[in-house]
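Visitor: coords please:
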Amino acid sequence: MFDRTPSLIRLLARAATLALGALALGAAAQAQTPSPSPAGYPNKPIRWIVPYAPGGASDIVARMISDGLTDALGQKVMVDNKPGAGGTVGITQLAASAPDGYTLATADNGTLYNNWYLFDRLPYSPASFEYVAMMGRFPLVLAVNKSVPATNFREWQQWAKQNSGKVQYATPGVGSPHHIAMATLDDMLGLQMQHVPYRGDSAAVVDLVGGQIPTMLVGVASARQYLKDDRLRFLAVTWPTRLSSMPDVPTMEEAGIKNFAGSAEQGIIMPAGTPKAVVDRINAEVAKVLQVPAVREKLETLGMYPYLKTPAEFKAHVAEQRPKAGDIIKRKGITVN
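Guide: Residues are numbered from 1 along each chain as shown. Next comes the predicted model:
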């Protein structure tokens, strides 16, 4: 989900722009024709594009929700994995699809906020989509190796400040939610920490446990595996309230950091022009699926917590958060080179 190899991503992104740009142009006439009436919708299977490889968190969440949507809509909702270039390959295909209600896609932080500023050109724009449903968020947990002389957030801040320019922090990759969140925290506090990108969360956490890296923001699912491991300490969670799975870990706000919402987000988007009745129907059905106790339990096992919004609220949320991500990416000089 957050695995990024910078040079490869840029090459793939350029390839996607050239190769899939033709797809977007070829489908433009189709995408711009009037959408059919939603009466009787749906009357055929729906395609759910996941712009990442099978087996990751995005894929698992989509398959879980798609099962519920299949039952609710009476038509199969089929997950179609289209990985590549930080998610831009799959999203390019979505943008080129007809706005008839039969194609949707998973949208995460990259699609919603970060990729606009990480890549030179994309063959679509924020106006290319209908913002259908916010599904949930993956909170992050500030973790340190036992060698770090900090048992709470303020001690961590003091340690990082005293070692300004020397402290390294790990992330699952350049431009990942973990990276943008830690860069934001670093900027807020003036710590001047050094970023060390890994290929995925697991490898980074292994080095954090081993002491090769002193600190990082960890996904909740990974953090829970080490709650009783004295090699790590967890200092704060990026969630409005304490999590039931780690009740002793305070929130960022409790630690004194206001309005810090660093997390990985998951939503659903459809091509611009999709009928409002269809958008509202999908939103309502997704909300129902996310209220099913068994689904919520499985999602929390992955570290995702439902965070429901109407289409209008989702669109406004994205419009508010996108420039914030852009600001930190530009000021910190974050690139995928």
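Visitor: how about the strands of the stretch 1-150 of the chain, start to end?
Guide: 46-50, 77-81, 103-108, 129-145 (DSSP state E, counting those that start in this stretch).
Visitor: which SSE is immediately downstream of the third one?
Guide: Which is strand 103-108. helix 109 (DSSP states H and E).
Visitor: got the residue ranges for the helices in the stretch 51-200 of the chain?
Guide: 57-73, 88-95, 109, 115-118, 153-162, 177-189 (DSSP state H, counting those that start in this stretch).
Visitor: could you identify which of these is most buried?
Guide: Among the helices of the stretch 51-200 of the chain, helix 109 has the highest mean neighbour count (mean count of other Cβ atoms under 10 Å), at a mean of 28. For the C-beta atoms, the positions are set from N, CA and C on the backbone; glycine is no exception.
Visitor: Tyr226 and Val209, how far apart?
Guide: According to Cβ to Cβ, to the nearest Å, Tyr226 stands 7 Å off from Val209.
Visitor: could you tell me which residues touch both of those two?
Guide: Leu232 (Cβ atoms under 8 Å, 6 or more residues apart in numbering).
Visitor: got any ranges where this protein has weak pLDDT?
Guide: The chain contains residues with pLDDT under 70 at 1-38, 337.
Visitor: buried stuff in stretch 133-149?
Guide: 133-145, 148 (16 or more other Cβ atoms under 10 Å).
Visitor: the strands in the stretch 201-337 of the chain, which residues?
Guide: Counting by DSSP E, counting those that start in this stretch, the strands of the stretch 201-337 of the chain are 215-219, 232-237, 263-271, 305-309.
Visitor: so who does the closest residue to Gly74 other than its chain neighbours touch?
Guide: Excluding its sequence neighbours, the residue lying closest to Gly74 (Cβ to Cβ, 6 or more residues apart in numbering) is Pro42, at 7.5 Å. Residues near Pro42 by Cβ under 8 Å, 6+ apart: Leu73, Gly74, Gln75, Gly101, Tyr102.
Visitor: and for the second one, the neighbour number?
Guide: Read that as Gly74. 9 (other Cβ atoms under 10 Å).
Visitor: do the last one as well
Guide: Around Tyr102 there are 21 other residues, counting by other Cβ under 10 Å.
Visitor: was I right about it contacting Asn43?
Guide: No - checked against Cβ atoms under 8 Å, the pair Tyr102 and Asn43 is beyond contact range at 9.4 Å.
Visitor: what's the distance between the nearest residue to Gly273 once chain neighbours are set aside and Ala272?
Guide: With sequence-adjacent residues excluded and distances taken as Cβ to Cβ, 6+ apart, Gly273 is closest to Pro99, at 3.6 Å. Remark: distance between Pro99 and Ala272 (Cβ to Cβ) = 6 Å.
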